[in-house]
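[1] From the sequence below, what's the structure:
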Amino acid sequence: MNGWPRNRIDGRSVTWRATSYREGQPTAFVISSTAATVSGDSLVLDNAHINKRPSARVFAMHYRTRGYWNHPIGIFYDSKLGKWKIRNEDGVAMPIGLSFSVRIDPSAARINTAAANQSHYLIIDNPITNENPYATVIVTPVSSGVRRMTHPFAVGYVAPHWQILFTDAAAMPPTDRTVRPGSLSRLSPPRSTWMTRTPLTRRSFAERTWQTDQALI
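    Below you'll find the model as predicted:
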């Protein structure tokens, strides 16, 4: 698929950002861990669309095929391998035969937590999701190095905004990167980051990252 479908928001036609990916490997798929893809606590993703692309937008969630996997996961770019990984954020070894749903979406946003005084929640300030309690918001944490996202999280609507929040009320870790508000960057993923996307319609599918100090990465 060379682009996202057209939809309508409040009577206006909206086109999602088209991808520039070549035909070949899919951008949405289910992957299962094998002896060849597991490395310690991680499952290595080998996909031409995201290999050697630290700024790629990747979503992942556990896809249940057997039992439950009650461990927090995040996505992590391994600069040495030049590949993205799905990582157990609590350091538990990745078992063989565990499945994940993966989506690669260049239209998604990546947002940092604040540099200081970070609360247990982040406000998603977006004209499509604002004052829209029917929006569907999906998030994936992006971790880096030794800093990991080990807290349970959820999304919730507190008018007029959606929020990403730690359900145990722990403060989210502050970013360790200085980014001017509103500036853009192509640096590698920050250490306290969430992946997200805006919905297609007032009652439709959306994937969105974490928000911080208004700096989009």
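[2] Do me a favour and get the end-to-end distance for stretch 48-57?
    One end of stretch 48-57 to the other measures 13 Å (Cα to Cα, to the nearest Å).
[3] can you list the domains in the chain?
    Domain assignment of the chain by automatic domain parsing yields the ranges 28-104, 107-217.
[4] could you pull out the helices for the protein?
    Defined through DSSP state H, the helices belonging to the chain form an empty list.
[5] Can you list the low-confidence ranges for it?
    Counting by pLDDT under 70, the chain contains low-confidence ranges at 1-25, 176-192, 197-217.
[6] circling back: same list, the domains of the chain, but as CSV with mean neighbour count please.
    For every residue, glycine as well, the C-beta is placed using N, CA and C. What follows is the domains of the chain, written out as CSV (neighbours: other Cβ atoms under 10 Å):
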stretch, mean neighbour count
domain 28-104, 17
domain 107-217, 18
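[7] Looks like residue 56 contacts residue 105 (just checking).
    No. Using Cβ atoms under 8 Å as the test, residue 56 is too far from residue 105 to be in contact (9.2 Å).
[8] Could you tell me the end-to-end distance of stretch 32-52?
    Chord length of stretch 32-52, first to last residue, is 21 Å (Cα to Cα).
[9] Same question for stretch 35-55.
    Terminal residues of stretch 35-55 are spaced 27 Å apart (Cα to Cα).
[10] how far does it sit from the chain's center?
    Average the C-alpha atoms of stretch 35-55, do the same for its chain, and the two points are 15 Å apart (Cα atoms, centre = their mean, to the nearest Å).
[11] Convert the C-alpha atoms of stretch 133-152 to PDB, please.
    In PDB, the C-alpha atoms belonging to stretch 133-152 read as follows (Å, rounded to 0.1, in the frame of the first residue of the first chain):
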ATOM      1  CA  PRO A 133     -13.800  11.600  23.800                       C
ATOM      2  CA  TYR A 134     -14.500   9.100  21.000                       C
ATOM      3  CA  ALA A 135     -11.000   9.100  19.600                       C
ATOM      4  CA  THR A 136      -9.100   5.800  19.800                       C
ATOM      5  CA  VAL A 137      -5.500   6.500  21.000                       C
ATOM      6  CA  ILE A 138      -2.800   3.800  21.000                       C
ATOM      7  CA  VAL A 139       0.700   4.400  22.400                       C
ATOM      8  CA  THR A 140       4.000   2.600  22.500                       C
ATOM      9  CA  PRO A 141       6.900   3.700  24.700                       C
ATOM     10  CA  VAL A 142      10.300   4.200  23.100                       C
ATOM     11  CA  SER A 143      13.200   3.300  25.500                       C
ATOM     12  CA  SER A 144      16.900   3.700  25.200                       C
ATOM     13  CA  GLY A 145      20.000   2.500  26.900                       C
ATOM     14  CA  VAL A 146      19.600   1.500  30.500                       C
ATOM     15  CA  ARG A 147      16.500   3.700  31.000                       C
ATOM     16  CA  ARG A 148      13.400   1.700  30.700                       C
ATOM     17  CA  MET A 149       9.600   2.100  31.000                       C
ATOM     18  CA  THR A 150       8.600  -0.400  33.700                       C
ATOM     19  CA  HIS A 151       5.300   1.200  34.900                       C
ATOM     20  CA  PRO A 152       1.800   0.200  33.800                       C
END
